[in-house]
Structure formats: C-alpha cells, structure tokens
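Enquirer: output the structure for:
(2 chains)
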Protein chains: 2
Amino acid sequence: MQLERIRLSTLHDKIMSAEQAAELISDGMTVGMSGFTRAGEAKAVPAALAARALRSPLKISLMTGASLGNDLDKKLTEAGVLARRMPFQVDNTLRKAINNGQVMFIDQHLSETVEQLRNHQLRLPDLAVIEAVAITEQGHIVPTTSVGNSASFAIFAKQIIVEINTSHNANLEGLHDIYIPSYRPSRTPLPLVKVNDRIGSIAIPIDPAKIVGIVFTQQTDSPSTVTPPDAETAAIASHLVAFFEQEVAAGRLAPNLGPLQAGIGNIANAVMCGLLNSSFENLQMYSEVLQDSTFDLLDAGKLQFASGSSITLSERRNKDVFSNLERYKDKLVLRPQEISNHPELVRRLGIIAINTALEFDIYGNVNSTHVCGTKMMNGIGGSGDFARNAHLAIFVTKATAKNGAISSVVPFVSHVDHTEHDVDILVTEHGLADLRGLAPRERARVVIEHCADPMYKAALQDYFDRACAKGGHTPHLLAEALSWHQKLDEQGTMLA
Amino acid sequence: MQLERIRLSTLHDKIMSAEQAAELISDGMTVGMSGFTRAGEAKAVPAALAARALRSPLKISLMTGASLGNDLDKKLTEAGVLARRMPFQVDNTLRKAINNGQVMFIDQHLSETVEQLRNHQLRLPDLAVIEAVAITEQGHIVPTTSVGNSASFAIFAKQIIVEINTSHNANLEGLHDIYIPSYRPSRTPLPLVKVNDRIGSIAIPIDPAKIVGIVFTQQTDSPSTVTPPDAETAAIASHLVAFFEQEVAAGRLAPNLGPLQAGIGNIANAVMCGLLNSSFENLQMYSEVLQDSTFDLLDAGKLQFASGSSITLSERRNKDVFSNLERYKDKLVLRPQEISNHPELVRRLGIIAINTALEFDIYGNVNSTHVCGTKMMNGIGGSGDFARNAHLAIFVTKATAKNGAISSVVPFVSHVDHTEHDVDILVTEHGLADLRGLAPRERARVVIEHCADPMYKAALQDYFDRACAKGGHTPHLLAEALSWHQKLDEQGTMLA
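Expert: Predicted structure coming up:
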C-alpha cells in the first residue's frame, strides 16, 4: 500500500527512516519545508532533526510556507536548531526565542519569499523537505493539505526529502494547481482571471534525481485552534454583513460581493460564519487558508468556489471533510501562496480582504504583529499581500483585550504593518468605520465614534482634540503618542 | 491655426473664454483636472475659477493626477476654493491650509484614485478639465505633457472642459498610450509585458457630446525645480551605482539592471545622473515622471526606452526636448498613472524603485510624508505603488537636514508610509544598507553603520543597545522612541 504512493518505481530505493533522512541535513544549511497554517508540514524529518540536534548540535535557516503544526517549531527551538526562521510562525516557544534575540526572524509578506529566492535575493534552500500524498509516474510531488512555498522550495533546492503521509486521503491528488511565474524579464501575465481557473499542474514538477530520501509517516495535521464565534466576534460579523448589504444596495459591490479573503483566526472565521446566516449567495473565496467556515458555507450552498493555499480544520470538521473529499473537490483548489496572495491577482480580482489587527490608531494605521511595538506575536502573514492591493482592505479586532486593560484603538500604533494609505474599513464589536475618501482628521472622528470601547472613548477624544489644537494634517502630541503603550508596559494596563 | 486643433468641427461652437468655462463649475462640485508633477495641468480655467471665487465664494473637491504648476494650488487655496483635495500636492500655501485643517487632503497611492472612482468608492467627478494639444476627428482628447488621471476623469465626468494649449508642440500627438483596465469581475490581464509595449489608444476616448466648453490657452508648463547634483546627492548616486555593479556581478541583476523607476526630486534625479557616468547600457525606465536626467541618458545612448506618466523639465531642457520631439518620440511613451504605477506591472516587470525618504528608522520603516509625524509635506505619491510591489525598493535621503539639526536616520519614524516589510535598500551620502533577508536587529546594525551621520551615530547605537537590553523582536524604548522628534519640535534640533 505504501509503495503504491511512489509511482516512479526507480525511487523505491530512496525509502529511509526519518532519522536517516535527518542526517542529510547538515549544520549551516538553508532548508525549505512544506507547511502553511499548520497544514501539510513535513512532520517526521523535522522531529527527527530536533532529536538529533539534542545529541549533536546543529543550526539551520528554516523557511516554510507559514506556520507549522505538531509543535515542530517548539521542538526545533528547544533543540537549538533554528538560527534563522522565515516567513511566519505561531509557536509560543519560538516566539520567546525570537523576542529575546536568539532566533533571527524575517517577517515577510507571504507572496514574496519565493520571488526573492527566484531573484537570488535570499539564499536558495540547500534542501527541501516536502510532505506529499504521492509521487507520480514522472517523479513529481503531489502535496497534501497545503501548497505554501513547497513547489518553489522543491524546484530551487539541490536535494529533496519527500515525506509521504499515508494519513492523508490519496484522493487529495487533483486538488492542487501548481503554477510558477516565469522568469523576468520575459514574464507573462498570470493567466488567472476567475477564482476557479486552473492554470498549472496537479503536482510539483521536479527532476526526480533530486529526491535523496523518501520517508513514510502517518501523523495527522494538528487541528485548528479556532473557537466558535462569541458575542464580540458575532457583533463584528454583523456590522460587516450590514456594511456589505449597504454596499450592494448602493451598487458599490456585486450581489455576490466578489472574491473574499479571510485571514486565519477566530474573528475572520466568525465573519465568514456571519455570512452563513446572511442573505448573500454565490459567494467566492480567493484566500490563503480554508477553515471550518469555508466548508460550512459550501455545505449551505452559499459558497460557489474556494481557492486557497491550505486547509486547516477543527478535529470535528477534519474527518468529515477529508473522508468526503469527492463532495468538495470540484469546488476547491489549493495553490502556491505566491499565487493565492499575488498582488497582480489581488488587484485584478478585486478581493475583499478581511484580516485581524492587533491594534489600530485613530488615523487608520494598523499593527498586526508587535505587542507594545517590540514583541513579535506571529508575523504579518498574507495580510499585507491582500490589504495593499485589495478592492476593500478590512481590519477587524475586538475593541479591548485582557479584560479591558488594553484598548485596541490607540492614539498612535506602536508598529505599522498596514499604513493609513492601505486601510479602508475598521471594525470592532462596537461598530464599523468607513475610512474611504476621508482625510486623517475625518478618519479619527469615525474611528473614535464607531470603533473605540466606551472605556477609552473619552481619552481618545481628548487626545485628538488636544492634538488638533496643536495642528497638522495628522495631529499628534509626540510626548503622549506612545504613552498608552508605555503605561501598559509599565503598569499592565492602558486604563487611567 | 487654433481651429485646426479641433478636428471634429461640430465642436467649434463650444469655444469660450476661460471665464465662461469657469462659470460651468458650481459650488459643491467634484472636479477632476489634468496635471501630474506640474506638467500638463489645465491652466486657464482653474485660474479663472480662483478669480471668480474671490468675487463670489464657492468650494469644490479637486482631484488631479498629482501636483499642479503655475501656482494654481496657491491661487485656489487663497481664493478658498478647495474644500477637499486629492491625491497629491507640492504647494506651500496649500500645505499650510492642509496642516491647519482648512483643506481636507486625501493622500493616496497614485495608482488607486481612479480605481476607487471606477468602483464608486469615491464620488465621481461632476466635471473634468483637461489640457489637450488637440481634439481628434472622433472628438477624442489628445493630452499634453502628462496623462495622469485625465483619461479616467474625462470618462467618468458628466461634463468636460478642454483646454487646448497651443504652447505645446502639436506633435505630442502619438506620444500617449491610453489604456483603461476593464471592469471587474471580468477584468483581463493588463497586456503589457515590456516597457515599450503600446496597449491602448493615442487619445482619450470619450463621447464628444460631453464636451461643454473648449478654451484656448498658451501658457507654458512651469519648469522643473530640480537642481544639479551636489556632493551629497552625487555620493548617494555613487553608492547606488556601486551596489548595482555588485548585484550584476553576483548575477542578481541583469546587465541592464531591468526597468528603473525614479521618484521626482533632486536625489532621485542625481541617481539617474550617476547612471549617466556609469558603465551600464541599454537601460530602461518604467517610471512616473521623466525628468532632465531621462533625456540626458537618452542623448548619451545609455537609455533604450522611457515609459512615464509625465515629462517635467528644467527651462533649459524644455525647449530643447519639445522642439526636437521627433528625435525622442520612438523612445518614449506617456501612460495613465494607473498603468505607470500599476501593482500588476510593477511586480511583473521587476521594477527597481528609487524614491526619496523624509526619514527612516534603524529598522527600515520609511516616512515619506509627515514632518515630526504631524505636518504633511507633499504626499506619498507613487512611492508606495512602486515600493510595495518592486523587485528592489530603494529609498534615498541625505543623512541630515537643516545643517545637521535633523537626523534623517531616527530610532522610530514619526509616521510610516513604507513598512519594514517593503523596504530593501536604504542609502545616504555615507553609504548603503542592504536590508534584504535581515531580521530587525540585524537591520539596525547595518543602518547605523552605513547610513547614519557621524554626528548621530553614537546616539543611535546607544538607543539600540539599551533597547536590545530590554528585548523584543524589534527592540524599542517607548519613552524615548519619539524623543528625537519631540526635541526637534520643541528646540529646533535633534542634537543633544
């Protein structure tokens, strides 16, 4: 049964244990691994590498698509394997190592990593470790639940280790659409004009001679940590649904809204759940990660088609979806993250981008990454790829965090990931601020009025009024601009 | 001779004075006018409008391509005409009105204004005023020295006033390439794959019945204010040329570098002059504004082709170029700014984007717009369109301003227009910092070492060292982060 998954029989002699495969990785290497939103990561080899490093230390630069599951970033960090890490992560142990300066983390727009590799602006991976459901007759690699950066990593690497994961349904084959942009200066337009266009191949085309090891595994993807909507996230969803209804009524959005992107996490997932109970039909997604809500919308007949780079589901949903994959297969496609997040396509398709903010300021600047301007949370992920080229760039957050000790609406964000030029709509449980066509002073009024929590509204208004008295296109009081974060850092609260 | 410029004779009865045309603009209107980098703006009608408003007050929302010449923004501001202004300006009087809150200024990515109009996210212009060299037999409008947003303004407006400017050489006709993206959801790829591709028409296709007035004028464009390179800008250019040489030697850039974009202003112009004395050949530009340096490079046989949205020249160069236009015509094209700056094309072509920073911080965030975080200088212009999708996003600035009282390299920028995720290379007269593939702490070291002025180097290093002791992915001391700007604001200097 295992051998059937390697359809090019000359590769059968490459089968080895994860421990043997991990020995192929040496100190100082740059390694590209599969994995995006904790889906489809190589599992056995990185775990074996961490175990080996505990005995015999080594360091590598690790690139992935995005986050890994199965505590792999934790294990690799604890074993001291990670010298450099890019372009995204969500692990608590790795986060600490990044913030204390032990691991050099390069926080990138997810569409850009392989473009920079292609142009030799980053060091090419010496070796790629890619999870697969199968290897084809041609020796090409069929990915599993994510494509991420796997295709380009495999194409660029001198050596490839394939992890064939038999826990994944073999009929994932056919779900993927692998398209690699041509090299400049003769690059041609990306031929995708509809979310369901297929423009590439179903497997990663590589020279099978580069495959130096094949490892079998049957460890499953980690389940999604997304929780069901609560009162606040449901309120955020309802504000956004009401906004969409107004936009359609005004003729500014098509009746089916147009292609939707929703970031990973509870709030964006809640917004998609909100659409489930709305009157919208024939919805389309052109997104990164397909979550539980995607399949709820498909099941309800609300969603026509979903394009993504990965599928990350809860334990409950996982079994149901993957054991009934044929039911969904003609309504889904998984693409490289370079294509799911590509500026050319985001602008052409007119994507409505819904992403989570850590905080935003009264003028519409958004911080997605840094707590108190210094500590990395996860990374910018694809939010920038979408927001800066989207038809509508929407950011959502709860108005407060830590039982009210933190206001998500601040005078001046402590770090900027999305500038005032790129942000259209801000939403909290209290309401929605439409910033389109507004000057900064006008934006401040709607942000304070619609988004701020009542606990912080007066203080924000007071800051804004006093700043306006001082003047400027974007009025600020420099001595106070970061005082809210200072107070949080020193006293554990922003509250006066 | 004048009538020859209106080749659709049924329009001859639309000829009127500028004063008569200005009467067609009423209080509360949204008006779109031609003009980009002080080139090709409608001249007589806005001046007549300002004169009229002094007698009989009215207010409008004014959209242009970018900046206007001939002191028009000054005149309109002084006459109280401007309620709202977008997407860019460079006028000192208007700047003051923006900063004291009198004029609502919407500072936009230059590629996005007409996209937002097309999608009804901004109010459509009631009326467009477009400078032209001629009206064709079909009643289509042939622009002058800029295209800017003129084509879409004319297409969207219910009424059009055409200013035929006979100071412009009639053989500007044929220089323009007017392409308008199709509407979503059936938008097709922009068919441009080389900088010299022509994909549109040579005139703006409109229904001639919309033309409600034709005004003749012969006022010239204002000359460029660009000054010749000085010691610092020449040093910046030489650092950048040396960097390009290294990149070519390393195989990371093509021998001709690839398409270049250079922002308006002295420093970017000096960089292009630096290329004149370099060994590079067969250069190509895919930029917004074509300046003196573009024609110097063409004359020297260094530049193959230049695509832009406007031509803005010094007094000396102006006469020479436009009276010998046939010499250049097959090496030039002027496009709508939506196309010259389009994310799809910037990414596809792999543009090297060279733009001026007002200040940048040790982690690579760039402020292009706000003095001390509050006062608008000009606007972001096209710098974001290019930087966020470019092959190489380069920002240049002198290391200090105001005789050393201001350091352009600061601990924390007071406003972010280009985030750390979008900035590749920073250059001052002291050197070049290559930030590609670096984590924030690594970036800080190269920025301080290569770009900071010796007067400020120790203070920056001290800030960084103490911030690192506190920790974080992007170490900062919140109480001090903006203290340099505070000191500048209060004491007129950042110097200790």
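
Enquirer: CA atoms for contacts and neighbours, from now on please.
Expert: Noted.

Enquirer: the stretch 101-250 of chain A: helices as residue ranges?
Expert: With helices called from DSSP state H, counting those that start in this stretch, the stretch 101-250 of chain A shows them at A:113-118, A:150-156, A:231-249.

Enquirer: quickly note the distance from A:Leu82 to chain B.
Expert: To chain B, A:Leu82 is 13 Å away according to C-alpha to the nearest C-alpha, to the nearest Å.

Enquirer: same thing with A:Ala21?
Expert: 27 Å.

Enquirer: roughly how far does that residue sit from A:Ile135?
Expert: Distance, A:Ala21 to A:Ile135, by C-alpha to C-alpha, to the nearest Å: 17 Å.

Enquirer: likewise A:Ile352?
Expert: 36 Å.

Enquirer: same check on A:Pro205?
Expert: To A:Ile135, A:Pro205 is 10 Å away according to C-alpha to C-alpha.

Enquirer: between those two, who's got more neighbours?
Expert: Ranked by neighbour count (other C-alpha atoms under 10 Å in any protein chain shown), A:Pro205 and A:Ile135 place A:Ile135 first, with 25 against 19.

Enquirer: pLDDT score for the more buried one?
Expert: Per-residue pLDDT puts A:Ile135 at 98.

Enquirer: now swap in A:Met1 and tell me
Expert: 65.

Enquirer: okay, the residue of the stretch 1-150 of chain A found nearest chain B: pLDDT?
Expert: Going by C-alpha to the nearest C-alpha, chain B is nearest to A:Asn99 of the stretch 1-150 of chain A, at 4.1 Å. Predicted confidence (pLDDT) for A:Asn99: 98.

Enquirer: that one reaches B:Gly471, doesn't it?
Expert: Yes. A:Asn99 is in contact with B:Gly471 according to C-alpha atoms under 8 Å; the separation is 6.3 Å.

Enquirer: those two: which is more packed in?
Expert: Taking neighbours as other C-alpha under 10 Å, A:Asn99 and B:Gly471 compare with A:Asn99 leading, 21 against 18.

Enquirer: which residues does the more buried one contact?
Expert: Neighbouring residues of A:Asn99 by C-alpha atoms under 8 Å, 6 or more residues apart in numbering or on different chains: A:375-376, B:471-474.

Enquirer: about what we covered before: buried deepest among the helices of the stretch 101-250 of chain A, which one?
Expert: Highest mean neighbour count among those (mean count of other C-alpha atoms under 10 Å in any protein chain shown): helix A:150-156, with a mean of 26.

Enquirer: and stretch A:81-98, which residues are buried?
Expert: Of all the residues in stretch A:81-98, those buried under the rule 16 or more other C-alpha atoms under 10 Å in any protein chain shown are A:81-91, A:94-98.

Enquirer: A:Leu426 in helix, strand or coil?
Expert: Using DSSP: H, G, I helix; E, B strand; the rest coil, the structure places A:Leu426 in strand.

Enquirer: ditto for A:Asp385
Expert: helix.

Enquirer: ok, it touching A:Gln261?
Expert: No. Counting by C-alpha under 8 Å, A:Asp385 stays clear of A:Gln261, with 10.9 Å between them.

Enquirer: looking at the two, which is more packed in?
Expert: The residue with more neighbours, out of A:Asp385 and A:Gln261, is A:Gln261; 33 against 24, by other C-alpha under 10 Å.

Enquirer: and the closest residue to that one other than its chain neighbours, what are its phi and psi?
Expert: In space, and not counting its chain neighbours, A:Gln261 is closest to A:Ser287: 4.2 Å by C-alpha to C-alpha, 6 or more residues apart in numbering or on different chains. With angles defined as degrees, to the nearest 10, A:Ser287 sits at phi -130, psi -170.

Enquirer: pLDDT at A:Ser287, what is it?
Expert: For A:Ser287, pLDDT reads 98.

Enquirer: if I pick it, what's in contact with it?
Expert: A:260-263, A:306-309, A:340-341.

Enquirer: by pLDDT, give me the weakest of those.
Expert: A:Gly263 (92).

Enquirer: dump the contacts of A:Ser287 into CSV; add distance to B:Lys329 and secondary structure as well.
Expert: Shown next, in CSV, are these (distance: C-alpha to C-alpha, whole Å; DSSP: H, G, I helix; E, B strand; the rest coil):
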residue, distance to B:Lys329, secondary structure
A:Leu260, 44, strand
A:Gln261, 44, strand
A:Ala262, 47, strand
A:Gly263, 48, coil
A:Ala306, 47, strand
A:Ser307, 45, strand
A:Gly308, 45, strand
A:Ser309, 46, coil
A:Ser340, 40, helix
A:Asn341, 38, coil
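
Enquirer: who wins on neighbours among these?
Expert: Highest count within those by other C-alpha under 10 Å belongs to A:Gln261, 33 neighbours.

Enquirer: would you list the contacts of A:Asn99 in TSV and tack on distance to B:Val212?
Expert: Formatted as TSV, these follow (distance: C-alpha to C-alpha, whole Å):
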residue	distance to B:Val212
A:Lys375	59
A:Met376	58
B:Gly471	65
B:Gly472	62
B:His473	60
B:Thr474	57
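
Enquirer: out of those, which sit inside strands?
Expert: Using DSSP state E to define strands, the subset of the contacts of A:Asn99 located there is A:375-376.

Enquirer: which two of the contacts of A:Asn99 have the greatest separation?
Expert: Greatest spatial distance in the contacts of A:Asn99: A:Met376 and B:Gly471, 10.7 Å, computed using C-alpha to C-alpha.

Enquirer: which other residues reach stretch A:319-329?
Expert: Contacts for stretch A:319-329 (C-alpha under 8 Å, 6+ apart): A:168-169, A:171-172, A:175, A:295, A:298.

Enquirer: where does the nearest residue to A:Gly28 once chain neighbours are set aside fall, phi/psi-wise?
Expert: Distance criterion C-alpha to C-alpha, 6+ apart; nearest residue to A:Gly28, sequence neighbours excluded, is A:Ile60 at 5.0 Å. Main-chain torsions, A:Ile60, degrees, to the nearest 10: phi -140, psi 160.

Enquirer: and for A:Ser9?
Expert: In terms of degrees, to the nearest 10, the main-chain angles of A:Ser9 are phi -70, psi -20.
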